[in-house]
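1. 3D model of this:
(2 chains)
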Amino acid sequence: MNLKVNGVEKTIAASSPTISELLVLEKVEMPEYVSVQINGAFAQSKDFGTSRVAENDEVDFLYFMGGGSR
Amino acid sequence: MLTIRKSIADAIIAHARAASPLEACGYLAGKDGQIVRFFPLKNVDQSAEHFSFDPAEQFSVIRAIRSDGLTAAAVVHSHPNTPARPSQEDLRLARDPNISYVIVSLAGSEPVVKSFRIRDCQATPEDIVVSREQT
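-> The predicted structure is shown next:
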C-alpha cells in the first residue's frame, strides 16, 4: 500500500497495518515515546494498537522532546 | 560534527538570553551537513529547570523544515544556571538517537554551546564548527 510517512512517499508491503505495526516497520526504536498524526490529526496513543492506516494516508511521527537542567 | 553558521549560533544564544531565567528550546535545521536555520519553539513547561516541546507546534515546525528542503538536525535547549552538559533528565528524555542535542549554558560570564549525541542514556560530545560562510 502507498503512504506518505514523515513527508516521504513510500510503498509498504503490509496492508492497512495498525499504527503500532507501522512504527515497527519504520524501525521506531521507542514507539511508546512518539506522537503520531494521521492526515494532520493526532492519534491517541491508546489507539495505536487498533487504529489502522489507509491507502494514501499521510502519517507523521515525532519523538517527544523534553529535558531539563537538573 | 555539527557545523553551524555564526548567525545561527548567535541566534540560539540570543533566544536563550531572552527566555532566561526560563529554559529556551528549539530545533536546528540543516542541509548538506550544515545548520542553516534555527526554529525557536515554546517551552510549554515555562520552567527554569525543564523544557518540553508542544507536540502540535513540533509537528508544524517539522513540516516547515521539510518544506524548506531541510532536515531537523538538532534539538537545542538552554541551561540558564548550570553547565552545558546533559542533565540526568536530558539523558533520560533523549529518545531520538538520530539527532544532535545542543545545550546553551548561561551559567558563566560568557555563554557556552556544546553538542552531544545521546543513545541509551549515554552522551557522546561532538565538535561544533562555527562557520562564517554564507552558502
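2. Show me where the chain has its strands.
-> Because you didn't say which chain, this covers chain A. With strands called from DSSP state E, chain A shows them at A:2-5, A:8-11, A:34-38, A:41-43, A:58-63, A:66-68.
3. Actually, chain B is the one I wanted.
-> Under DSSP E, chain B gives strands at B:2-5, B:25-31, B:34-41, B:50-52, B:71-79, B:100-105, B:112-119, B:122-126, B:128-131.
4. what's the closest of those to A:T18?
-> strand B:71-79 (26.0 Å; CB to CB). C-betas here are computed from N, CA, C, even on glycine.
5. Does chain A have contacts with that closest one?
-> Yes. Using CB under 8 Å from any CB of the partner chain, strand B:71-79 reaches chain A at B:75, B:77, B:79.
6. What strands flank that strand, and is each parallel or antiparallel?
-> strand B:25-31 (antiparallel), strand B:100-105 (parallel) (DSSP bridges).
7. Contacts for that strand next, please.
-> By CB atoms under 8 Å, 6 or more residues apart in numbering or on different chains, the surrounding residues in contact with strand B:71-79 are A:65, A:67, A:69, B:2, B:12, B:15-16, B:19-20, B:23-31, B:35, B:38, B:43, B:51, B:62, B:65, B:87, B:96, B:99-107, B:115.
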